[in-house]
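Peer 1: Mind looking at a prediction? Sequence and model below.
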Amino acid sequence: MNTSSPDPAPAPPHRLDPAGGCPHASNARLLAQGAVAPVVLPGGVQGMAVLGHDALKEFLAHPEVAKNARHFAALQAGEIADGWPLRTFATVQGMTTADGADHRRLRALMSKAFTARRVEELRPRTVELTERLLNGLEAAAAAEDGVVDLRTHFALPLPMGVICELLGVDEAHHDRLHDLSSRIVATDIGPAEVMAANREMVETLGAVVAARTADPGDDLTSAMIAAREQDGDRFSPHELIGTLMLTVIAGHETTLNLITNAVRALCTHRDQLGLALSGGASWADVVEETLRWDSPVSYFPFRYPTRDLPLGGTVIPRGTPVLAGYSAAGRDTRAHGPDAARFDITRTGASRHLSLGHGAHYCMGAPLARLESTTALEQLFTRFPALDLAVPEPELPRHASFVGNSVRKLPVRLTG
């Protein structure tokens, strides 16, 4: 008689919370089970998440992993509703959903806006805008009994101002574009709101294109319009709007979260702030460790294996929508050591993080995000070295999304 115990039942797939929240506790539990985990996306859609650093690095550069939604099996089978909150990530036409020659074609023109020379040319404007925003932050704090939301008054308008200047977007559109971006990356809203946000974003960006068509400037939107008119194969109308949408969202939401997360980390690790202020570590070190320790993006949609893909001890079925688990990979003890959960700006090898991507789709705006973040943090804490959180860190309201990883508000006191 066989008296051996049956194999334990596999753990049920991790159900991603549409309301977001801090990802690190659930990431640690999932990483303890393996580098790749089955997940349930909103609406009961089955997917996978790659969490381990080494597995994610392999996956992001794998030649048999695609970005184009024609490889998304459930979508092609008609099983994904129009109002699915993550549908835009899959179906928007642009650089982040293109593969091969299409991706290279779309990236070629965009890359001219993010050269080292062009980014360096933005430094004086970034420094000037940062100083102006700090003046406004101080005035707002004085008017609000010493407490001010740093995210609203500083961390948001800095990257939004820079990316919109690069794109040639009038300031009148900035607040609306941020509101629409926040709704598009949210994972807790209903189908009607999802579709309305996407329609309004397309309309708003259509107005931007119309303005730059009528009055071209030295900006990326004008350059894309010119390329489309000179060579219709360069950008279709849908690709132009899609590329603008993705650039606006990625160009400010991630840097907004990065600056916010870095300020939170330094305020709750005063010894690390002291190191940065004394020159014991650089502000660039602060940025890299924040990217690793508290990635501005938690789970980024989507990639699809074009065949059944063995990865990290698991087989990901062909056509599965896969999330890149950046926040989990950043704290993977197998890559970053047993103290991976500790914030340490003197850590060696912090630049090994994957929070800005890897492979052909590596974040084109990485140099600009680093410029903005280092400038913001250095000027902020040099001017207000006693700046601290006005409420306990655990009480800060989290993002209503498992895509972005940050808090919605950051109330601070500028002086002790």
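Peer 2: Great, that's in hand.
Peer 1: Next, count neighbours for the closest residue to V92 other than its chain neighbours.
Peer 2: Excluding its sequence neighbours, the residue lying closest to V92 (C-beta to C-beta, 6 or more residues apart in numbering) is G242, at 4.6 Å. Just so you know, the C-beta spots here come from the backbone N, C-alpha and C atoms, and that holds for glycine as well. The tally of other residues near G242 (other C-beta atoms under 10 Å) stands at 24.
Peer 1: Now do the same for G242: its pLDDT.
Peer 2: As predicted, G242 sits at a pLDDT of 84.
Peer 1: Tell me which helix or strand it sits in.
Peer 2: helix 237-267 (DSSP states H and E).
Peer 1: Which residue, other than its chain neighbours, is closest to S222?
Peer 2: For S222, the closest residue by C-beta to C-beta, 6+ apart turns out to be P216, at 4.1 Å.
Peer 1: tell me which element that neighbour falls in.
Peer 2: Judged by DSSP H and E, P216 forms part of no helix or strand.
Peer 1: hang on, isn't it packed against A227?
Peer 2: No - the criterion here is C-beta atoms under 8 Å, and P216 misses it with A227 at 11.8 Å.
Peer 1: anything in contact with each of the two?
Peer 2: By C-beta atoms under 8 Å, 6 or more residues apart in numbering, P216 and A227 have no common neighbours.
Peer 1: I'd like the next helix or strand past the helix holding G242.
Peer 2: Later in the chain than helix 237-267, the nearest helix or strand by DSSP H and E is helix 270-278.
Peer 1: tell me the average confidence for that next one?
Peer 2: Here the average pLDDT along helix 270-278 is 98.
Peer 1: Check stretch 194-203 too.
Peer 2: 88.
Peer 1: what does that stretch contact?
Peer 2: Residues from elsewhere that reach stretch 194-203 (C-beta under 8 Å, 6+ apart): 82-85, 87-88, 176-177, 180-181, 183-184, 189, 241, 245.
Peer 1: Number of residues surrounding D54?
Peer 2: There are 16 residues near D54, going by other C-beta under 10 Å.
Peer 1: Leaving out chain neighbours, which residue sits closest to it?
Peer 2: Of all residues not flanking D54 in the chain, A335 sits nearest, at 6.3 Å (C-beta to C-beta, 6+ apart).
Peer 1: check contacts around the one you found.
Peer 2: G52, H53, D54, A329, R352.
Peer 1: Check P85 too.
Peer 2: P18, P42, G43, A186, T187, D188, I189, P191, V194.
Peer 1: Which pLDDT value goes with the fourth one?
Peer 2: The one in question is A186. 80.
Peer 1: give the contact list for it.
Peer 2: So A186 contacts P85, A400, S401 (C-beta under 8 Å, 6+ apart).
Peer 1: what about it, distance to R15?
Peer 2: 17 Å (C-beta to C-beta, to the nearest Å).
Peer 1: swap in the second one?
Peer 2: When C-beta to C-beta is the yardstick, P42 and R15 sit 9 Å from each other.
Peer 1: Tell me which of these two has more neighbours.
Peer 2: The residue with more neighbours, out of P42 and R15, is P42; 16 against 12, by other C-beta under 10 Å.
Peer 1: rewinding a little: closest to G34 out of the contacts of A186?
Peer 2: Taking C-beta to C-beta as the measure, G34 sits nearest to S401 out of the contacts of A186, at 24.5 Å.
Peer 1: mind checking the SS state of the closest one?
Peer 2: Under DSSP: H, G, I helix; E, B strand; the rest coil, the three-state class of S401 is coil.
Peer 1: From here on, call the first residue 22.
Peer 2: Okay, using 22 as the starting number, the last item reads as S422.
Peer 1: Let me see the backbone angles for it.
Peer 2: For S422, the backbone dihedrals are phi -170, psi 140 (criterion: degrees, to the nearest 10).
Peer 1: In terms of secondary structure, what does the helix or strand bottoming out on mean pLDDT in the chain contact?
Peer 2: In the chain, no helix or strand scores lower on mean pLDDT, DSSP states H and E than helix 241-251, which sits at a mean of 79. If you count contacts as 3 or more C-beta pairs under 8 Å, 6 or more residues apart in numbering; DSSP states H and E, helix 241-251 packs onto helix 121-132, helix 178-188, helix 212-235, helix 258-288.
Peer 1: Quick one: closest of these to A244.
Peer 2: helix 121-132 (6.6 Å).
Peer 1: Show the average pLDDT along the closest one.
Peer 2: Mean pLDDT, helix 121-132: 85.
Peer 1: I'd like the next helix or strand past it.
Peer 2: helix 137-142.
Peer 1: and the helix or strand just after that following helix with helix 178-188, angle?
Peer 2: As assigned by DSSP H and E, the chain's next helix or strand after helix 137-142 is helix 144-164. Helix 144-164 runs at 150 degrees relative to helix 178-188, counting by axes from the mean of the first three to the mean of the last three C-alpha atoms, to 10 degrees.
Peer 1: So which other helices or strands are in contact with helix 144-164?
Peer 2: Judged by 3+ C-beta pairs under 8 Å, 6+ apart, the packing partners of helix 144-164 are strand 168-170, helix 178-188, helix 387-404.
Peer 1: Show me what counts as buried in the shortest one.
Peer 2: Read that as strand 168-170. By 16 or more other C-beta atoms under 10 Å, the buried positions in strand 168-170 come out as V169, D170.
Peer 1: Sheet partners, orientation included, of that strand?
Peer 2: Paired with strand 168-170 in the same sheet, following DSSP bridges, are strand 432-434 (antiparallel).
Peer 1: which intervals of the protein have sub-threshold pLDDT?
Peer 2: 22-31, 249-256, 371-372, 437 (pLDDT under 70).
Peer 1: at 80 what do you get?
Peer 2: The chain contains residues with pLDDT under 80 at 22-32, 130-131, 133-134, 210, 248-257, 370-372, 437.
Peer 1: contacting residues for P322?
Peer 2: P322 makes contact with L107, F110, A111, P342, L344, V424 under the criterion C-beta under 8 Å, 6+ apart.
Peer 1: Which of the residues you listed sits closest to H290?
Peer 2: For the contacts of P322, the nearest to H290 is V424 (25.7 Å; C-beta to C-beta).
Peer 1: how near is the closest one to L51?
Peer 2: Taking C-beta to C-beta, one finds V424 at 17 Å from L51.
Peer 1: what does T395 give?
Peer 2: Computed as C-beta to C-beta, the T395 to L51 distance reads 32 Å.
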